[in-house]
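J.: how would this look folded up:
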Amino acid sequence: MFDDLVKQAEAKFRSGDLRGAYNDARHVLGRTRTNGRAHYLMSRIATLKDAHADSLNLCQIAIELDGPSVEYLVQVATCHFHLGALKDAWASAVKAFDGTEVPAEALEKLGEIFYALADYPRFLAVALRRQAMEPSNDAILVQVGSGYFSCGRIEEARLALEEAIRLNPKSARAYCGLTELRTAQSSDNAVDAIAALIGVEKNTLDLITLYHALAREYDGLGQIDKAIASLKKGKNIYLSVNGYAIQADIDTFAAINRYIDASPPSPEKVSSAQPIFVVGMPRSGTTVTQQILTNCDGVASIGESLHFGALVRAYAGCNSPRLVDAKTVDQRWRRLPLDAIGEKYGAYASAMVGGAQRSVDKLPLNLLFVPLIVKALPNARIICLRRHPLDTILGNYKLAAVAPTYAYGSSLKATATFVAESMRLSEKMALHYPKHFRLLDYEELASDPAVKGREIVEFCGLEWNDDVVKIEDNMSPAGSPSAAQVKSPIHPRYIGRWRKYKDHLGEAIAVLKSYGIAFGAEA
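T.: This is a model prediction of the structure:
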């Protein structure tokens, strides 16, 4: 009876007329409460209004009325994701993807969810299915390339990105992806193509990533002055749009230190969950460490999972765009139900790794949650990577990270300050949590992987064998910008890369000196 009005409401929704769609769907539900499509449409509208709990309830009613269609399951997964119920989001997304026919719009949303949940094999599978539906769509080919790259299939990633560029020579994201998986050579580089794109690109995000891609090409060619100039241009565009002040991050580190100082040791608890966390600054060797650990029997990675932080933020009622903020730490952390957080995290990690006995979570900035992790998960083991501070600063400054959590990379001085604060915090946590927390120097690992690898494997309670450090044979997804690097044996060639940038690191060196951090006489 109301099918035509529902179809009219759906057409309005697709055209962007949310008010018209809402009024029509509400009119239907005012006459009958048994129309599943109207409930589903109201759920979609509620999602766009950030009313995710209401959205979930509406979609669950639609499922009760009509059954679990692919569209409904994708919407449920979306709601759970926004609410921080990542295990439920993943389960609903998997069920939807396993459906016989998945519409193109639903596939696109599933790809977003799987990528955000670090389920890179399914993200790739989604992208490949979309490519089969639209073989000439260069944007989908970029996603295929990203999926291959995250899964460590570097040559296939390169071919996908080159095909995307062939289809669309102005594909900014294809060029950006290409610069991440190979080092520019005089006979093989994209400097001219990227420079030309910068001259016409209007999208701010793409422009920022293009400048970072150009910097990577100049770096590969040894043209350091031009690399730094390109980075600064990209950072300045970011700052002009978003702004950033390092003081907010300094305040957050201070709040975490206060929490550690005020928290008594946790009593011994019984917990079946034994997750492993690999933390530290990005670009400090976390991916190499992950690949060593997942070479051990019975260990699988859940990627750079947002789940622990999402649980903390949900229970704390935090809506800050930052991963952690000082106000939440000071006002909410002491009242968090850590047992419940640990139980939910453990269930999620167990589901994500299937039959594996242990999970590895490699989100570097879980470093900020360590004081909560050791209480919520008393059997957790945490490996914290340290690298030469100037290498760490440079590596983070070169990242094209535009999310608020990584905004410290918008200037060299801010990057150095964040790195210095993280070093102080990690040293403090090593003293406070010796049972759970182990510092690992990247330089030592890269120079003597057998010795240092064995130390961390045994610290995590895993069984050692000499093949563990052969990360080039590890077929599990790396899921990070280092995915191409870990397809080679562990080596020390990335140590001391800051030296060729030495003339441009004056601000960073001054910050390190102000914190009393040693960095070698060469600087």
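
J.: so what's residue 221 up against?
T.: Residue 221 sits next to 184, 185, 186, 189, 191 when contact means Cβ atoms under 8 Å, 6 or more residues apart in numbering. Quick note: C-beta positions are derived from backbone N, CA and C, even for glycine.

J.: Narrow the residues you listed to those that are buried.
T.: 184, 189, 191 (16 or more other Cβ atoms under 10 Å).

J.: In JSON lines, list the residues you listed along with secondary structure.
T.: Shown next, in JSON lines, are the buried ones among the contacts of residue 221 (DSSP: H, G, I helix; E, B strand; the rest coil):
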{"residue": "184", "secondary structure": "coil"}
{"residue": "189", "secondary structure": "coil"}
{"residue": "191", "secondary structure": "helix"}
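
J.: so which of those residues comes closest to residue 502?
T.: For the buried ones among the contacts of residue 221, the closest approach to residue 502 (Cβ to Cβ) belongs to residue 184, at 21.1 Å.

J.: which residues touch the closest one?
T.: Per Cβ under 8 Å, 6+ apart, neighbours of residue 184: 190, 191, 216, 217, 218, 219, 220, 221.

J.: and if we set it to 6 Å?
T.: Under the criterion of Cβ atoms under 6 Å, 6 or more residues apart in numbering, the neighbours of residue 184 are 217, 220, 221.

J.: and which of those is nearest residue 277?
T.: Taking Cβ to Cβ as the measure, residue 277 lies nearest residue 220 of the contacts of residue 184, at 32.6 Å.

J.: quick one: that closest one and residue 247, what's the gap?
T.: Remark: distance between residue 220 and residue 247 (Cβ to Cβ, to the nearest Å) = 35 Å.

J.: quick revisit: now the two most distant members of the contacts of residue 221.
T.: 185 and 191 (11.0 Å).

J.: Roughly how far does the residue nearest to the spatial centre of the chain sit from residue 361?
T.: Per Cα atoms, centre = their mean, the C-alpha nearest to the average position across the chain is that of residue 304, at 5.2 Å. In this view, residue 304 and residue 361 are 8 Å apart by Cβ to Cβ.

J.: hang on, residue 438 in a helix?
T.: No - Residue 438 is assigned strand when assessed by three-state DSSP, not a helix.

J.: pretty sure it contacts residue 460?
T.: No - with contact defined as Cβ atoms under 6 Å, residue 438 does not reach residue 460; the gap is 8.7 Å.

J.: more neighbours, these two?
T.: residue 460 (21 against 16; other Cβ atoms under 10 Å).

J.: could you dump the buried ones among the contacts of residue 221 to JSON lines with pLDDT?
T.: Below are those laid out as JSON lines (pLDDT from 0 to 100):
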{"residue": "184", "pLDDT": "95"}
{"residue": "189", "pLDDT": "96"}
{"residue": "191", "pLDDT": "97"}
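
J.: got a list of what residue 346 touches?
T.: With contacts defined as Cβ under 6 Å, 6+ apart, residue 346 is in contact with residue 273.

J.: Using the three-state scheme, assign it.
T.: Following three-state DSSP, the label given to residue 346 is helix.
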